[in-house]
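Engineer: Just need the structure, nothing else, for what follows:
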Amino acid sequence: MSIKNFILKYRYSFFLIFLFLVALRIFLLQFPLLKNLDLEIAILYSLIFSIISGFGGLFFLSKGERLSSILFLNFIFIVFLFIIFLLIELFFYKCPISEGVLFFPLFLITSSIFSLALSSIYFSAGKKKGFLLLSLSYIALILYSLIEYYFEPQLFLFNPLVIYYPGLVYNEVFEIERRILIYTAGLLVGSLTILMPKLLDDPESKLPNINQPFFYIFSILIFSLMFLFSDELGLSTSQKFLEHKFPLKIINHNYEILIQDKSISDIERKLIELKVQFHYQSLVKIFGYEVSGVQIFIFDSDKSKKEFLGDEVADFTKPWLKQIFVTKRSFDQTIKHELAHIFFGESSKNLFKVASRFNLGLIEGGAMAIEWDWLENTPDYYSAMIKRFSPELDLEKFFDNYTFATQKSSLSYLISGAFCNFSIEKYGLKKFLEFYREGDYSKVFSNDLKNDLNEFSSRLNSFHFTANDSLKFKVLFGGQTLFERKCPRSIGRMKLKAKKMLAEKSFKKAEEIFRDIYQKTSDQDAFMNLIRTKFYQKKFDEVIKESKSTEVINQFNGFSSVYLKIYYALSLARTGNQEKAKEIISQLKSLNISSSWNSYFDLILFLISEPELIDYLIEKNLNQMLSDLKKKFSEETSILVNDLENLNDQELDKVLQTYRYNPWILKDCFYRYIMLGNFTKANSIIEMINNEFPEINEAFQYQLDLMTFILEKLETNEESK
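Structural biologist: Numbering: from 1, shown residues only. The predicted model follows:
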């Protein structure tokens, strides 16, 4: 039967299937990350189409249809779906067309050909057995990925039914990278090799008759090589392979610390060891039990973590494996939180050692309640701020997984953490662990969740905030989440491209891209970067003019608004209006975002007072600028405090004189003295904090206890030598 007759014969069935796939696409438009034709749609439709292709192939082969016709039909289906979905993208959402749309044809063609190859193999077993074998194969492939995710450290998965699953959606940019091309190429060649004998057996085929067993042997060889060398090809990351990449190991009877950077100094290694020891011992006191067999992997960078595990945005834990994955940069901020997940896991009864019903509010809220700090205060403080300046938020919804995942992560973590801490204080940790395990609030606590939320809400009302705090709130919790942005994936790729151009000093090209993004989306971050490119080109008058032409410059909405004001103020100073520039930066400093931000504002104020120095910021990176400025202004502490990790003892002493009333800066000085081996000075900082700050919040008290512990251990170690 010709292809034309084949299509006409089953035209009604084809039309209904096609209509279903288009209708499903229209239905999915209501979900944030499924609005656009990108990776998420490609994954979902690959799964659907691979099943349709596999069972459809068996059906048509059992009806005596030619394999070439079925193969051609698959291709036509994908092409037409792609065209329609592309039109939806162009006319309804007007998203920039980028390589993201190519995920769809690449994934669907690959998965459908693989499924068709399976159906061609099982067809010889008979219709019923063939359907059974194909069903079992699909189940086996899904189970294999689940087993791989469960027993191996990686988050990403390669599977013939979906091609590539990234693990987490929070990475803004996904591209068709080398390992995806390797995988799809291997699957396509292996699958087409299986199909080739059937195509050659076609009576109407003009292809030469080649020895058929050769094709099967070649296909088995390809799939075997992909499986055996999957770690090396980047298609998986096994436990053994990952551990091999971490040459430095610190072994304790309860945990093991694996460090990727083998060149770190002895004192850095010792600090990591002591910090883990302190956090671990603190958690043992809180929970009342030890956890053994914990592994902590410390990566060099986010890029390295993404390469091996598939995620660069967040540190994470697999509690069921008792494995923690962090980077050197984020270690101090996240290690206690991640350890808390593992301790909570010991009270869980499910396979993944997480809260009942996989409740994200409990999983992350519980860890936040134990960690109990964020920036420089407690989750209670920030939750009260959120409630005060965003009263429309429904606190109960933060224990709904969809709301938790789609809200700004800091909001979700802080509110759920503060409420979990409230529950622990009211009912005790033992009861809370029961709730974590069972998931039924009213049953465990004999109280209604809404009643306790009301009591919790009333407690938050006891915090008092100023007008400045409302602006601080807008900075900390403003901006759009990934789920709220227009065309997040394609715009993300454009931003990444433009930022690479910025790094390469191709400012004009970067400016064009950021302007295009801003015109398409009114994205505030894009506007800030547009102003940034003009600033780096020393177009100070244009920076001022464009900034003043929009209300954005007067708004506080996320950290991009802070950077925008900085570039605006620096441009004002560079054109002679230093007073206005100082006023803007002083207002930013008055928000008291954090000590590190305030010290950065001090540096900006110094540059404003010496406008000719602003060119250093443009022509060099921050570290180079600080190095040069230190030579010229050795007494200027606003320069020194922003370069703490490179200061010597004498320079640190100067910082202490200016910032002796800031405990968080003192903390950073403490660790720099430790790195320099000056334990006497480090001890004097602890004494200074105890004398100057008789009352400090819980977040800093924990840091002070950690500093005291570290110093005592190091001094004991020195005495024993």
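Engineer: Any stretches of the stretch 601-721 of the chain with poor pLDDT?
Structural biologist: For the stretch 601-721 of the chain, the stretches flagged by pLDDT under 70 are 721.
Engineer: Could I get the full set of helices for it?
Structural biologist: For the stretch 601-721 of the chain, helices defined by DSSP state H, counting those that start in this stretch occupy the ranges 614-619, 622-632, 637-640, 649-659, 663-676, 679-692, 698-720.
Engineer: Show me which positions of the last one end up buried.
Structural biologist: Right, helix 698-720. Neighbour-count burial for helix 698-720, counted by 16 or more other CB atoms under 10 Å, picks out 699-700, 702-704, 706-707, 709-711, 714. (C-beta placed from N, C-alpha, C; glycine too.)
Engineer: what sits up against that helix?
Structural biologist: 270-271, 274-275, 277-279, 282, 372-374, 376-378, 663-664, 667, 670, 674, 679, 682-683, 685-686, 689-690, 693, 696 (CB atoms under 8 Å, 6 or more residues apart in numbering).
Engineer: Buried ones from these, can you make that a ChimeraX selection?
Structural biologist: The following ChimeraX line selects those of the contacts of helix 698-720 that are buried, judged by 16+ other CB under 10 Å:
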select :270,271,274,275,277,278,279,282,372,373,374,376,377,378,663,664,667,670,674,682,683,685,686,689,693
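Engineer: tell me the SS of residue 291?
Structural biologist: Under DSSP: H, G, I helix; E, B strand; the rest coil, residue 291 falls in the coil class.
Engineer: List the residues that contact residue 280.
Structural biologist: Counting by CB under 8 Å, 6+ apart, residue 280 makes contact with 254-255, 294, 339.
Engineer: From residue 370, how far off is it?
Structural biologist: When distance is defined by CB to CB, to the nearest Å, residue 280 is 12 Å away from residue 370.
Engineer: again, but for residue 47
Structural biologist: From residue 47 to residue 370 the distance is 38 Å (CB to CB).
Engineer: So the spatially most central residue of the chain, which state does it fall into?
Structural biologist: Residue closest to the mean C-alpha point of the chain, counted by CA atoms, centre = their mean, is residue 313 at 2.5 Å. With three-state DSSP as the basis, residue 313 sits in coil.
Engineer: Not counting residues beside it along the chain, what's closest to it?
Structural biologist: Spatially, and ignoring its direct neighbours in sequence, residue 313 is nearest to residue 170 (4.6 Å; CB to CB, 6 or more residues apart in numbering).
Engineer: That neighbour is in contact with residue 482, isn't it?
Structural biologist: Yes: using CB atoms under 8 Å, residue 170 is in contact with residue 482, at 6.4 Å.
Engineer: the more surrounded of these two?
Structural biologist: residue 482 (19 against 15; other CB atoms under 10 Å).
Engineer: which residues touch the closest residue to the more buried one other than its chain neighbours?
Structural biologist: Leaving aside its chain neighbours, residue 482 sits nearest to residue 488 (5.3 Å; criterion: CB to CB, 6+ apart). Residue 488 is in contact with 33, 36, 172, 482, counting by CB under 8 Å, 6+ apart.
Engineer: tell me the two of those that are most distant?
Structural biologist: 36 and 172 (12.6 Å; CB to CB).
Engineer: Give the residues shared as contacts by these two.
Structural biologist: Taking CB under 8 Å, 6+ apart as the criterion, residue 36 and residue 172 both touch 488-489.
Engineer: So for those two, which sits in the more crowded spot?
Structural biologist: residue 36 (24 against 16).
Engineer: what's the spacing between the residue nearest to residue 685 when sequence neighbours are not counted and residue 585?
Structural biologist: Once flanking residues are discounted, residue 685 sits nearest to residue 670: 4.5 Å by CB to CB, 6+ apart. As judged by CB to CB, residue 670 and residue 585 stand 28 Å apart.
Engineer: any idea which element residue 545 lies in?
Structural biologist: helix 540-548 (DSSP states H and E).
Engineer: Next, the buried residues of that helix.
Structural biologist: Buried-residue list, helix 540-548, by 16+ other CB under 10 Å: 540, 543-544, 546-547.
Engineer: any chance of those in TSV, plus distance to residue 129 and pLDDT?
Structural biologist: What follows is those, written out as TSV (distance: CB to CB, whole Å; pLDDT from 0 to 100):
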residue	distance to residue 129	pLDDT
540	76	97
543	72	97
544	76	97
546	70	94
547	71	94
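Engineer: Of the residues you listed, just say which sits nearest to residue 131.
Structural biologist: The closest of those, once distances to residue 131 are taken by CB to CB, is residue 546, at 63.9 Å.
Engineer: For this structure, which residues score under the pLDDT cut-off?
Structural biologist: Low-confidence segments of the chain (pLDDT under 70): 1, 201-212, 721.
Engineer: Just the strands from it, written as ranges.
Structural biologist: With DSSP state E as the criterion, the chain has strands at 157-159, 163-165, 248-251, 255-259, 294-299, 316-318, 323-327.
Engineer: Which one of those strands lies nearest to residue 22?
Structural biologist: For residue 22, the closest of these is strand 163-165, at 21.5 Å, according to CB to CB.
Engineer: Give the partner strands of the closest one in its sheet and their orientations.
Structural biologist: Strand 163-165 pairs in its sheet with strand 157-159 (antiparallel), by DSSP bridges.
Engineer: The residue nearest to residue 273 when sequence neighbours are not counted and residue 655, how far apart?
Structural biologist: Spatial nearest neighbour of residue 273, chain neighbours left out: residue 250 (5.0 Å); criterion: CB to CB, 6+ apart. Residue 250 sits 31 Å away from residue 655, going by CB to CB.
Engineer: who has more neighbours, the two?
Structural biologist: Between residue 250 and residue 655, counting by other CB under 10 Å, residue 655 is the more crowded of the two (25 against 17).
Engineer: ok, that one to residue 669 distance?
Structural biologist: Residue 655 is 6 Å from residue 669, by CB to CB.
Engineer: which residues are common contacts for these two?
Structural biologist: residue 644.
Engineer: so residue 187 sits right up against residue 158, yeah?
Structural biologist: No: Residue 187 lies out of contact with residue 158 (CB under 8 Å); the separation is 9.1 Å.
Engineer: Which one of the contacts of residue 280 is nearest to residue 229?
Structural biologist: For those, the nearest to residue 229 is residue 294 (30.2 Å; CB to CB).
Engineer: Enumerate the beta-bridge partners assigned to the closest one.
Structural biologist: Residue 294 forms beta bridges with residue 255, as assigned by DSSP bridges.
Engineer: Contact partners for the nearest residue to residue 159 once chain neighbours are set aside?
Structural biologist: The shortest distance from residue 159 to any non-neighbouring residue, by CB to CB, 6+ apart, is to residue 145 (4.7 Å). Residue 145 makes contact with 157, 159, 165 under the criterion CB under 8 Å, 6+ apart.
Engineer: returning to what we had before: show me what the helix holding residue 545 is packed against.
Structural biologist: Contact here means 3 or more CB pairs under 8 Å, 6 or more residues apart in numbering; DSSP states H and E; on that basis helix 540-548 packs against helix 524-536, helix 559-574.
Engineer: Okay, angle between that helix and helix 559-574 too, please.
Structural biologist: Orientation check (axes from the mean of the first three to the mean of the last three CA atoms, to 10 degrees): helix 540-548 against helix 559-574 gives 140 degrees.
Engineer: Please list the outside residues in contact with helix 540-548.
Structural biologist: 530-531, 534-535, 553, 564, 567-568, 571-572, 574-575.
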